[in-house]
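**Q** Structure, please.
(one chain, ligands or ions: 1)
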Amino acid sequence: MTGTAALQVAEAAARVLVDRLGARPDAAVVLGTGLGAAADGLGDVVAELDLSELPGFVPYGAPGHRCACRIVALGPITVLVLLGRAHLYEGRTPAEVAHAVRVAVLAGSQTVVFTNAAGAVHPQLAVGDIVLIADHLDLTGGPGALAGLVGSVPAPFVEMTGAWSSRLRRAARTTRHTTPEGVYAQMRGPQFETPAEIRMLRTLGADLVGMSTVVEAVAARHLGAELAGLSVVTNLAAGLANTPVPVEEITDVAAGTAPDVRSLIQAVLTPELPAPHPT
Ligand code: HPA
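**A** Modelled structure (predicted):
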């Protein structure tokens with residue numbers, strides 16, 4: 001399913017979602033690898049839903065990702081938390097990868113906060129850093145989620161300058177965390193990069209590399225959402241450390257940052273509330 005058919009199914013799923021949850025989200029959060037715990041304590045849990053019951057969802061479930069969502073009351077706003085995501089490396093199409101975020105936006109979310117685990121390409125980034133995405137490189141090398149939408153509304157020729165909201169980045173900086181900014185490059189995966197590919201990415205201007213986010217971000221932007229992105233540096237990218245990419249440590253490193261990721265999400269979504277206490 002691509003193009004307008006994919007949008008129509010997302011609209012149908014959004015209607016079911018709002019109906020089942022009894023609430024229209026103001027914002028959505030997408031939780032990346034190892035970051036499930038960032039959902040705990042984000043706000044008051046109102047409801048949880050298995051997304052595979054909704055139109056258009058091909059169940060996904062890479063390690064650390066649930067095909068489910070939760071509605072959370074965070075101060076004055078209602079937040080739809082996606083407890084995992086679909087990836088191209090699972091063999092999903094870009095439309096399938098973008099589906100949950102499309103549903104979230106069509107259900108009402110005007111802001112989407114993406115989170116992910118990433119390798120550091122910039123030499124000054126360290127494991128455990130949380131980086132605000134300021135821009136991205138789409139290196140997935142195939143048709144994206146907007147393919148097949150020529151002639152439909154909204155038009156697919158989306159302005160991507162300023163896609164990552166500077167307003168939301170400013171809001172994140174009101175927390176106690178030092179949050180550098182960077183350019184995130186999405187590769188298809190699932191194989192990690194070669195050291196030569198990482199040198200190429202650095203030359204191209206990437207600070208971070210991962211296997212998610214950009215396809216979804218383009219789809220969310222197409223539907224008019226304001227975007228924020230938090231990348232957790234789980235490892236130095238290939239060739240930058242003396243050891244191979246520590247694949248088995250990625251989830252644990254990300255999980256260790258979940259409390260900080262949670263308070264950054266809260267700051268982005270509710271800048272008017274007092275900054276949360278360190279956890
Ligand atoms: N490369 C690609 N994806 C990743 C990495 C990496 O080094 N770390 C976490 N996700």
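
**Q** backbone phi and psi for Val233, please?
**A** phi -80, psi 110 (degrees, to the nearest 10).

**Q** Pull out the buried residues from the helix or strand hosting Val45.
**A** Take DSSP states H and E as the rule and Val45 turns out to sit in strand 44-50. Residues of strand 44-50 classed as buried: Leu49 (neighbour count, 16 or more other C-beta atoms under 10 Å). Heads up, the C-betas are built off the backbone N, CA and C, glycines and all.

**Q** Same check on stretch 65-81?
**A** 65-72, 74, 77-81.

**Q** do it and the ligand meet at all?
**A** No: using C-beta under 6 Å from any ligand atom, stretch 65-81 never reaches the ligand; the gap is at least 12.8 Å.

**Q** and if you look at stretch 208-225?
**A** Yes: Stretch 208-225 lies within reach of the ligand by C-beta under 6 Å from any ligand atom, at 209-211.

**Q** who wins for most neighbours among those?
**A** Highest neighbour count within the residues of stretch 208-225 next to the ligand: Val209, with 27 neighbours (other C-beta atoms under 10 Å).

**Q** Quick check: that one touching Ala237?
**A** Yes: using C-beta atoms under 8 Å, Val209 is in contact with Ala237, at 5.4 Å.

**Q** Which neighbours do the two have in common?
**A** Residues touching both Val209 and Ala237 (C-beta atoms under 8 Å, 6 or more residues apart in numbering) are 119, 121, 193, 198, 201.

**Q** packing partners for whichever strand or helix holds Arg102?
**A** Per DSSP H and E, Arg102 falls inside helix 94-106. On a contact count with 3 or more C-beta pairs under 8 Å, 6 or more residues apart in numbering; DSSP states H and E, helix 94-106 meets helix 3-21, strand 27-30, strand 77-82, strand 111-120, helix 214-222.

**Q** could these go into JSON lines alongside mean pLDDT and distance to Arg92?
**A** Shown next, in JSON lines, are the helices and strands packed on helix 94-106 (pLDDT from 0 to 100; distance: least, C-beta to C-beta, whole Å):
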{"stretch": "helix 3-21", "mean pLDDT": "93", "distance to Arg92": "12"}
{"stretch": "strand 27-30", "mean pLDDT": "97", "distance to Arg92": "14"}
{"stretch": "strand 77-82", "mean pLDDT": "96", "distance to Arg92": "14"}
{"stretch": "strand 111-120", "mean pLDDT": "97", "distance to Arg92": "16"}
{"stretch": "helix 214-222", "mean pLDDT": "98", "distance to Arg92": "9"}
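
**Q** Ok, which of the ones you listed comes nearest Thr179?
**A** strand 111-120 (12.6 Å; C-beta to C-beta).

**Q** can I have the closest one written out in CSV, keeping just the CAs?
**A** C-alpha atoms of strand 111-120 as CSV (Å, rounded to 0.1, in the frame of the first residue of the first chain):
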residue,chain,number,x,y,z
THR,A,111,3.8,18.0,17.7
VAL,A,112,5.8,14.8,17.3
VAL,A,113,8.9,14.0,19.5
PHE,A,114,11.0,11.3,17.9
THR,A,115,13.6,9.4,20.0
ASN,A,116,16.2,6.9,18.8
ALA,A,117,19.4,5.1,19.6
ALA,A,118,22.3,6.3,17.4
GLY,A,119,26.0,5.9,16.7
ALA,A,120,28.2,9.0,17.1
